Each structure stands twice: as C-alpha cells, then as structure tokens.
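**Student:** sharing a sequence plus its predicted fold:
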Amino acid sequence: IFFLSIAVALLSPWFLGWTWLHSFYKALVLLVIGCPCALVISTPVTIVSALARAARRGILIKGGVYLEVARHIMFIALDKTGTITEGKPRLVAYETINGDPSEIARDAASLSARSDHPVSRAIAESLGPADRPIVAFKALAGRGVEGTLGDRTLFLGNHRLIEEMGLCSEALESALRGHEEKGRTTALLASSTEVRGLFAVADTIKPSSRDAITDLRELGVRTIMLTGDNQNTADSIAREAGIEECRGSLLPADKLQAIRDLKDGGALVAMTGDGINDAPALALSDVGIAMGAAGTDAAIEAADVVVMNDDLRRIPELIRLSKRTRAILLQNITFALGIKGVFLVLALFGSATMWMAVFADMGASLLVVANGLRLLHSRLQSRETEPGSGYQPG
C-alpha cells in the first residue's frame, strides 16, 4: 500500500493527467484506507472477550492459544475421583481379617490420617481417633501408604500393593471382587506378613458428569477414563457415567503413557484431573484441564485450563466457546480485509474521498471490536440454564 501510494503520487500526473495536488490527495486516501488497525485489533479483542466470558463461567484459561486449540480436541481423558465423582468418598464397609477389630480400626485410622488421598481421608474420618504415633511415613505412588508403628511396619494400600507383597489369597480376591463390582474402592491394612483388614469406600458420581459426557459425545469428542482404581471398579463407574472406554489400575507413569499413546495416534488430547498423580499427564496433554475447587496445587500448576467449580459441563462449554471464537475471528478478518478491498478499488478508480477512507479505517475498527465483544454474551451451554456460573468467588 505504501509503495502504491508513492506510485500514485509521483506517476499519476504523468500518466493520468491529474494535478499534483489531486495525486497527493489520492495517495493519502490510499494510505488511510490501508491502515491495518481493524485487522490488527480484530484478533486480540475477540480472544480477550472469549477469555472474559469463560472466566465469568468459572473457566480460567491460561492464554488464548489454549482457547483456540480446544475446538480441535478429539479425545478427553478423565480421572475418576474428584473429576467424575464427587471426590467425597465415605466408608461403607470394613472387615477384620486377622487381629482385634478395635486395634485394626485404630491402626488404620492413624495411618490413613497422615495421607491426603480422598480414600484415606474417608477411612480416617469414619474410624475414630488417629491416636497412634506413626513414624517413617511415606506415600507409595499409585499403591497406598506405609508407616511404622512401634516395631511394626504397616501398609494401607490398594489391591495392586497387596498383590505385589504376595499376600493375596483366593478368599481375599473373592471379597475384593464383590466390592469392586459394586463400584467401591477398596483399601487393605496389612503388615509385612499378613492382611489385617479390608475397607470399602464408595464415592458418588456427580449429576453433572453424565450430562457432560453426553454433551461431549454430541460434539464428537471421545471420552476415556484413566484411574488408579481396580479395573472392575473403573468399569462400574464408567458404565454409570456413560464413558466409552476406561483403563484401571494405572500408576502415574501409566496415565502418562496412555496420553502419549493417544497423541501418537494423531489425536489432539485433553486430560482432566485434580490430583498430584494426574499432574504429569496434564502437562503432557495438548490441553490440560484441572478441577480447581478440589484440585491440588501441582495439578492446577500443570494444567492449561482450570475449572473453578469442578463441573465437567464446563468442558463442552469450553469447546463451544472455542468454536464460536473461531467463527467470529474469521468474520472479523474477512470484514476487515473486505471493506479495505472495496474502498481500495474505489480509491484507485477515483470514487473514494478522505471521509470514506476514515470510515474504512476507524469505522471498520469499531465494527470488528463490537463484533468481538458479542462473545461476552454468547450462550455456551445446552443442558443448564444461563443465570449463573455456579462459581461464587469466596
């Protein structure tokens, strides 16, 4: 545009017979028409409006790039506890296998009280005072916890841990299977030589999770549940929530590998979780989505998007917002270039004046800004009413 304007100013008196003043005037008109304000501002104002709209709905997005890529999501991997379920499990049954029931309850309460896992918290809250001094406590990733009480080393862990310790029996396997088929998560208290107690914890699926899975399916997004729970428990929860595929008994490294496998297949993958165990998978996924209310600091830090009210329905909203943002971006860019092109042709053929050029510049800028701001009032959800985000800042 700059060089075209110079050519008009210098050459049109020689070739078109214009006066020098008229040629200079037309060159200025071309420069004003060619000013890229509308084109430059069309993208940031649209992205910022979309980010603000998402924030009003309790969806915090750490940058426009994640908003724009969300419309391409093909797979969403979901953690179970705290993501699909309420994350507030309760102890529904426990059995004494070896030892005094009251002693086993006190040992389990004392050991579980040192852990921040939801299953451990449910056991500690249900079994009474945690008054035993536990030392040398440590977490066993994806398996449970370990601690020393006096001269005894105690373990509170899942089915995998007990199998690795070689303490499973046919009767114990049968008891575990009965609980797992009911969708319960089991934990076992054991010493280094024997299993002492079995604890069954139940968590309920969030009502919003089923709606979210249905919405995602309608958007063409496939869902897969990745959990450290036993496969039987995982299958039961997946069926209840309507999830297409599930993988159980996963360690953090297994979740990471599952995300890597999905990405190697050419899919754009999102991961949703809330725990420390989910952080590596959240970081590796194309879009990591953390549950903000119950999520750990590690998960929130690793994620690209944070859902502040832990409502899975915000994920299909995010995808719809991404698609809506893309549509408005294309509208703005097309409009900004189109109006410039029309006035440029008019200017070259002698029909455009300076006031038309100013309209082509500032008028187009104001119009693309107004169009981008429409995102602040876009309707994003299909299965709930609009009034609130469900997120109330405290």
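**Tutor:** It's in.

**Student:** flag the shaky bits of this protein, pLDDT-wise.
**Tutor:** Where the chain drops to pLDDT under 70, the residues are 350-352, 380-394.

**Student:** swap the cut-off to 50 and go again
**Tutor:** Applying pLDDT under 50 to the chain flags the ranges 384-394.

**Student:** secondary structure element holding the residue nearest to the spatial centre of it?
**Tutor:** Nearest residue to the geometric centre of the chain (C-alpha atoms, centre = their mean): I289, 1.8 Å. Element membership for I289, per DSSP states H and E: strand 287-291.

**Student:** list the helices and strands the very next helix or strand once past that strand packs on?
**Tutor:** As assigned by DSSP H and E, the chain's next helix or strand after strand 287-291 is helix 297-302. In this structure, helix 297-302 makes packing contacts with helix 279-284, strand 287-291, judged by 3 or more C-beta pairs under 8 Å, 6 or more residues apart in numbering; DSSP states H and E. (Each C-beta comes from the backbone N, C-alpha and C, glycine too.)

**Student:** sheet partners, orientation included, of the next helix or strand after helix 297-302?
**Tutor:** Heading C-terminal from helix 297-302, the first helix or strand you meet, by DSSP H and E, is strand 305-307. Here strand 305-307 has these sheet partners by DSSP bridges: strand 59-61 (antiparallel), strand 287-291 (parallel).

**Student:** give me the distance from strand 305-307 to the chain's centre.
**Tutor:** 5 Å (C-alpha atoms, centre = their mean, to the nearest Å).

**Student:** could you point out which element follows it?
**Tutor:** Taking DSSP H and E, what comes next after strand 305-307 is helix 314-348.

**Student:** after that following helix comes which helix or strand?
**Tutor:** Heading C-terminal from helix 314-348 (DSSP H and E), you reach helix 354-358.

**Student:** which helices and strands does that following helix pack with?
**Tutor:** helix 20-34, helix 314-348.

**Student:** flag every buried residue along the helix or strand just after that helix.
**Tutor:** In the C-terminal direction, the helix or strand that comes right after helix 354-358 (DSSP H and E) is helix 364-373. For helix 364-373, burial by neighbour count (16 or more other C-beta atoms under 10 Å) applies to 364-365, 367-369, 371-373.

**Student:** got the angle for helix 364-373 vs helix 314-348?
**Tutor:** If you take axes from the mean of the first three to the mean of the last three C-alpha atoms, to 10 degrees, helix 364-373 sits at 170 degrees to helix 314-348.

**Student:** now helix 364-373, how far from the centre of its chain.
**Tutor:** That offset, for helix 364-373, works out to 30 Å (C-alpha atoms, centre = their mean).

**Student:** with stretch 221-235 instead?
**Tutor:** Per C-alpha atoms, centre = their mean, the centroid offset for stretch 221-235 relative to its chain is 17 Å.

**Student:** do the same with stretch 272-288
**Tutor:** The chain centre lies 8 Å from the centre of stretch 272-288; the measure is C-alpha atoms, centre = their mean.
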